[in-house]
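# Sequence and computational prediction follow.
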Number of protein chains: 2
Amino acid sequence: MSRNLQPKPPTIKDVAVLAGVSMSTVSRVLNGSAAVQSETAERVRRAVTQLDFVLSASARSLRPGVRSMTWGLLVDAVESHYFSTLIAELDRAAQDHGSTLLVSVTQKEWAREKHLIKEMSSRRVDGLFVVPANGDVLGERSRLSGAPIVYVDRIPSGVVADVVTFDYYKAMAEIVEELWVQGHRRMAFIGGEVDTDPGSRRYAAWNDVLRRHGGTPDPDLVSVGHLVAGTATEAVAGMLRSDRPPTAVVTTTGLLLLGVLRAIALEGADIEAACTEEIDSAFLSPVPLTLVAADFTLLVSNAVELLTARIENAGEPPTTRLLPTGRVRLDPLRSSTLPS
Amino acid sequence: MSRNLQPKPPTIKDVAVLAGVSMSTVSRVLNGSAAVQSETAERVRRAVTQLDFVLSASARSLRPGVRSMTWGLLVDAVESHYFSTLIAELDRAAQDHGSTLLVSVTQKEWAREKHLIKEMSSRRVDGLFVVPANGDVLGERSRLSGAPIVYVDRIPSGVVADVVTFDYYKAMAEIVEELWVQGHRRMAFIGGEVDTDPGSRRYAAWNDVLRRHGGTPDPDLVSVGHLVAGTATEAVAGMLRSDRPPTAVVTTTGLLLLGVLRAIALEGADIEAACTEEIDSAFLSPVPLTLVAADFTLLVSNAVELLTARIENAGEPPTTRLLPTGRVRLDPLRSSTLPS
């Protein structure tokens, strides 16, 4: 990962010099104190606009009294087990820290994420957790945000930043390895976007393990770019109806797993399924299922540790934490009703 | 529903009189304008505190420029199909209205909800959607909130307010009626809280339909107060293992339905199931399933219509809208594997 070569952002001192006031006056104006003459405040605001200055958390922490005790969280969406669990855990953690969590949905769009980072900043959150959409390659996020950011789940491209995510490469590699050892030679891969994180890590692991074993992934058994469950169902149903069906289907998200299981149930297929995310209805699976178990308490405690350190202006270099995952094996509850 | 007899809240005029300034000065201070002398601003703030004054949206709309273009949403939790669908739909609607949606989680606790209403107000949301926790019987919410509130899903007790919810009484009554007509005489009821809305509406419908048919609900087949899926599983498993098992199980939420289906799968029971909420894995049900289909687009468009009217200070009396629901019937995808 290369260092980010953006110009040095303006400091509170630059604003003070341009406005011809003291740094503490700038600080008072930016913190919304009314104890500043209106024309002075106006001059400070003009300087801020001119310099495109954003009040950083480190500057704000010079005034401990101005903490808003609010954290922001930006996620793609809320209609997944993954994100809803993340929100619930972060909400509990925020409460434990005496803070309130405000959540907004980016719909995985970079323009919307930028807008929401500015919105959250203008509401003076102390810090932001961001599941980053793809798009920021010049560190624009941290320039837009008046608060420190910790990235969750997805590694942002092109910036050196605090990131907490699960080790999806290892999780997928272990699943594929295990299926290989069990004798599966015709595994299908059903994925979402594979050219961006974390899909790219999972897809790389899938390919690496198969190649390590001298196997060539059969292109007929790889279907990616799925954004909804319905297309995954169609893809798997097509594979199952073909002359050379898979003996196992590996997928990446809970949403796609539901699509895969629907195809398996529709076709009455007797194969294995595996997924790098959990779903709460896994026990209803008609076939044996291997899921990656992600510890959200661990994810959140790491993210909170990094964010609170930044809010308190700790000078550690940015770090990326890859958290370990576990695995769950589920057999159908009513195996007697499965076809032999 | 009786009219709410709270004392008349203080107005912006009361604040102006107490502070000895004009109403527009009060407005400027409350809207964060710096164009006010600091000692004047301080005097206004003291008067606000003394009167426990909260800036209402109608007062704010005197200054059209101060709209924050932000809506707040308070929900119990995010780990359910119901709430995550609600959030997603409201987020889309907010975007269509050029507004940003901020979401926070009350965990169904009244103290937390009060705190979050104040938090959202201090962030100057234009309006709030609230799935109300139980506790407010004196209209405290609207006094705490600087913005108009529309209640969603759950009817708050003791206040006359704008409410949008599905007609859960009718939805449950239709399900029970249909099962009765199909010949089911031993129906089980698995519920959450039945003494508060909307659980109370569903439970009343269950009892009413059975009594209308001259049936007496068997107390052994009624199990309520479930907050997690696990206890619902235990309750249903116990009923299925008893001498006189139910021929159908009716439940209220997606969370409880998963618990019910787990018991049915574990016991290999060949019965009917029904629920007044949908789940996205319903197609995996091992038994025939009837679900109430709720149109969230309809719910959200009604809620948004009421809230935007309040924000624009339309003087309509508060209204409660009971929205119709539909029904979905699912048969197991692999009926050939079910026991005969």
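Sure, I can see it. Residues are numbered from 1 along each chain as shown, chains lettered A, B, ... in the order given.

# What does the pLDDT read for A:Val160?
Listed pLDDT for A:Val160 reads 84.

# and what of A:Asp14?
Reading off the model, A:Asp14 has pLDDT 78.

# ok, now A:Ser38?
For A:Ser38, the predicted pLDDT is 70.

# Would you mind confirming that it makes contact with B:Ala41?
No - if you go by C-beta atoms under 8 Å, A:Ser38 and B:Ala41 don't touch, sitting 9.8 Å apart. To be clear about C-beta, it is placed using only N, CA and C from the backbone, and glycine gets the same treatment.

# The two: which is more packed in?
The residue with more neighbours, out of A:Ser38 and B:Ala41, is B:Ala41; 25 against 15, by other C-beta atoms under 10 Å in any protein chain shown.

# secondary structure class for the more buried one?
The local conformation at B:Ala41, judged by DSSP: H, G, I helix; E, B strand; the rest coil, is helix.

# Do a quick rundown of the helices in the stretch 151-300 of chain A.
A:168-181, A:199-212, A:229-241, A:254-267, A:296-311 (DSSP state H, counting those that start in this stretch).

# Highest average neighbour count across those helices: which stretch is it?
Stretch with highest mean neighbour count among the helices of the stretch 151-300 of chain A: helix A:254-267 (a mean of 24; mean count of other C-beta atoms under 10 Å in any protein chain shown).

# got a pLDDT number for the residue nearest to A:Ala235 when sequence neighbours are not counted?
Nearest residue to A:Ala235 in three dimensions, chain neighbours excluded: A:Ser223, at 4.0 Å (C-beta to C-beta, 6 or more residues apart in numbering or on different chains). As predicted, A:Ser223 sits at a pLDDT of 98.

# so how far is B:Gly127 from A:Ser223?
44 Å (C-beta to C-beta, to the nearest Å).

# Likewise for A:Leu258?
For A:Leu258, the distance to B:Gly127 - C-beta to C-beta - is 35 Å.

# Over to A:Gly268?
Note on A:Gly268: its distance to B:Gly127, by C-beta to C-beta, is 51 Å.

# more crowded one of those two?
Shown here are A:Gly268 and B:Gly127; by other C-beta under 10 Å, B:Gly127 has more neighbours (25 against 14).

# The more buried one contacts B:Glu312, correct?
No - counting by C-beta under 8 Å, B:Gly127 stays clear of B:Glu312, with 10.1 Å between them.

# which stretches of the stretch 1-150 of chain A form helices?
A:12-19, A:23-30, A:38-51, A:57-60, A:81-96, A:110-122, A:140-144.

# Turn the helices of the stretch 151-300 of chain A into TSV, columns for mean pLDDT.
Listed next are the helices of the stretch 151-300 of chain A as TSV, based on pLDDT from 0 to 100:
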stretch	mean pLDDT
helix A:168-181	96
helix A:199-212	96
helix A:229-241	97
helix A:254-267	96
helix A:296-311	95
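
# how about those, which one is nearest A:Met23?
helix A:296-311 (20.3 Å; C-beta to C-beta).

# so what does the closest one touch, helix or strand wise?
helix A:81-96, strand A:127-130, strand A:149-152, strand A:162-166, strand A:320-323 (3 or more C-beta pairs under 8 Å, 6 or more residues apart in numbering or on different chains; DSSP states H and E).

# Quick check: A:Gly72 vs chain B, distance?
Relative to chain B, A:Gly72 is positioned 9 Å away (C-beta to the nearest C-beta, to the nearest Å).

# in the sheet, who's paired with that residue?
When assigned by DSSP bridges, A:Gly72 has beta-bridge partners A:Leu102, A:Leu128.

# about what we covered before: now tell me which of the helices of the stretch 1-150 of chain A the model trusts least on average.
When I compare these, helix A:57-60 is least confident, with a mean of 40.

# tell me which parts of the stretch 101-250 of chain A are close to chain B?
A:Leu101, A:Leu102, A:Val103, A:Ser104, A:Val105, A:Gln107, A:Arg112, A:His115, A:Leu116, A:Glu119, A:Arg123 (C-beta under 8 Å from any C-beta of the partner chain).

# which of those residues count as buried?
A:Leu101, A:Leu102, A:Val103, A:Ser104, A:Val105, A:Arg112, A:His115, A:Leu116, A:Glu119, A:Arg123 (16 or more other C-beta atoms under 10 Å in any protein chain shown).

# Which residue comes closest to the fifth one once chain neighbours are left out?
What that stands for is A:Val105. A:Val105's closest residue in space is B:Asp91 (C-beta to C-beta, 6+ apart), at 4.6 Å.

# before we move on, back to that, for B:Val250, which of the helices and strands packed on helix A:296-311 is the nearest?
helix A:81-96 (25.4 Å).

# contacts for that closest one?
Helix A:81-96 has contacts (C-beta atoms under 8 Å, 6 or more residues apart in numbering or on different chains) with A:71, A:73, A:75-78, A:100-101, A:103, A:129, A:131, A:152-153, A:253-254, A:277-280, A:294, A:296-297, A:299-301, A:303-304, B:77-80, B:84, B:104-105, B:107, B:112.

# Could you do stretch A:116-127 as well?
Under C-beta under 8 Å, 6+ apart, the answer for stretch A:116-127 is A:54, A:57, A:66-72, A:74, A:99, A:102, A:104, A:106, A:128, A:130, A:141, A:144-150, A:307-308, A:310-311, B:70, B:100, B:102, B:123.

# Got the domain ranges for chain A?
Chain A resolves into domains spanning A:1-53, A:168-294+A:327-338 when parsed by automatic domain parsing.

# ok, now how distant is the most centrally placed residue in chain A from chain B?
Among the residues of chain A, the one closest to the centroid is A:Asp153, at 2.9 Å (C-alpha atoms, centre = their mean). Distance, A:Asp153 to chain B, by C-beta to the nearest C-beta: 16 Å.
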